[in-house]
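Undergrad: Sequence below, structure please.
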Amino acid sequence: MPLLPKSVRRFAALGLLVLALAAAWWLLLAPGIASRLDVRERILLGRLQAAAAEHARLAKAPAAPTVQASPVLLAGGSEAIAQAGLQSNVTALAAQFGARPQTTRMLSVVERDGLRLAGVHIEITAPIETVQRVLYAIESASPVLMIEHLTLEPVTAMARAGGIDDGSLRATLHVYGVLPSRKESEPRAP
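TA: Presented below is the predicted three-dimensional model:
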C-alpha cells in the first residue's frame, strides 16, 4: 500500500483525535451534565407543584375575618401591633403641637373591669399651652385614649439651653387604649 503524503496523514490523525474527543464527551461528560440539569428541573418542578398545591389550599380556605376600624378599640392584628400603633399615635399627637417627646416606651397590658388595656409611657417637654393642647388631643382622640398618670414639673431656666425661662413643663403621661378581646383579635381556625 502506498504511503500517503505527510499532510494527509496529519489531517487524518487530527480528524481521529477530534472524533475520539467527541466520543469521550458524548459518552462521559454529556450524561453527567444532563443529569445535573435534570435534577435542577425536578427540584424546580417540585417547588412549582408545592406552590400550586398551597395556592389551591388557600383558595379553598375560608376568608380571614376582616377587622373593622372601631372608634373605641385599638386597631391591629395582634397585641404587639396595637401597642406599636398606640405608641406612634401618641408620639404623633405630641409632635403635631410642637411638643418634644423625650421618652416613649410601651407599658405592660393590664386588665381592668373586663377590659384589656395597652399603655404607653411618654415624657414631653413643652410650654404649658402646648402641653394643654396635647392633653386635649389625646383625650379627644379616636380610638378612645385615656390618660391614667400625669406628672407635671417645671423645667428650670438652668436646665434649658440658653438659660431662658419660657414656662416650659416636663409632662410624664401614661396613656391607655382598649384592646379587642382575645376572641375578637384572634382569627378563627379553619
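
Undergrad: And the residue nearest to the spatial centre of the chain, how far from A118?
TA: Nearest to the geometric centre of the chain sits I81, at 10.1 Å (Cα atoms, centre = their mean). For I81, the distance to A118 equals 10 Å [Cβ to Cβ, to the nearest Å]. (C-beta placed from N, C-alpha, C; glycine too.)

Undergrad: ok, now L16?
TA: As judged by Cβ to Cβ, L16 and A118 stand 84 Å apart.

Undergrad: repeat for V90
TA: V90 sits 11 Å away from A118, going by Cβ to Cβ.

Undergrad: do the same with T151
TA: Distance, T151 to A118, using Cβ to Cβ: 20 Å.

Undergrad: Which one's more surrounded, these two?
TA: Between T151 and A118, A118 has the larger neighbour count (other Cβ atoms under 10 Å), namely 24 against 11.

Undergrad: doesn't A80 make contact with that one?
TA: No - the pair A118 and A80 fails to qualify as a contact (Cβ atoms under 8 Å) at a distance of 9.3 Å.

Undergrad: Give me the common contacts of those two.
TA: Taking Cβ atoms under 8 Å, 6 or more residues apart in numbering as the contact rule, A118 and A80 touch no residue in common.

Undergrad: The closest residue to L107 other than its chain neighbours bridge partners, please.
TA: The shortest distance from L107 to any non-neighbouring residue, by Cβ to Cβ, 6 or more residues apart in numbering, is to G119 (3.4 Å). Applying DSSP bridges to G119 gives these bridge partners: L107, Y176.

Undergrad: Break this structure down into its structural domains.
TA: Following automatic domain parsing, one gets these domains for the chain: 1-61, 79-184.

Undergrad: winner for burial among these?
TA: domain 79-184 (a mean of 16; mean count of other Cβ atoms under 10 Å).

Undergrad: Check the offset of that one from the chain's centre.
TA: Offset of domain 79-184 from its chain centre (Cα atoms, centre = their mean, to the nearest Å): 24 Å.

Undergrad: Report the mean per-residue pLDDT for that domain.
TA: Domain 79-184 shows a mean pLDDT of 85.

Undergrad: show me where the protein has strands.
TA: Secondary structure of the chain (DSSP state E): strands at 100-112, 115-127, 145-154, 168-179.

Undergrad: In this structure P154 contacts L169, no?
TA: Yes - using Cβ under 8 Å, P154 is in contact with L169, at 6.1 Å.
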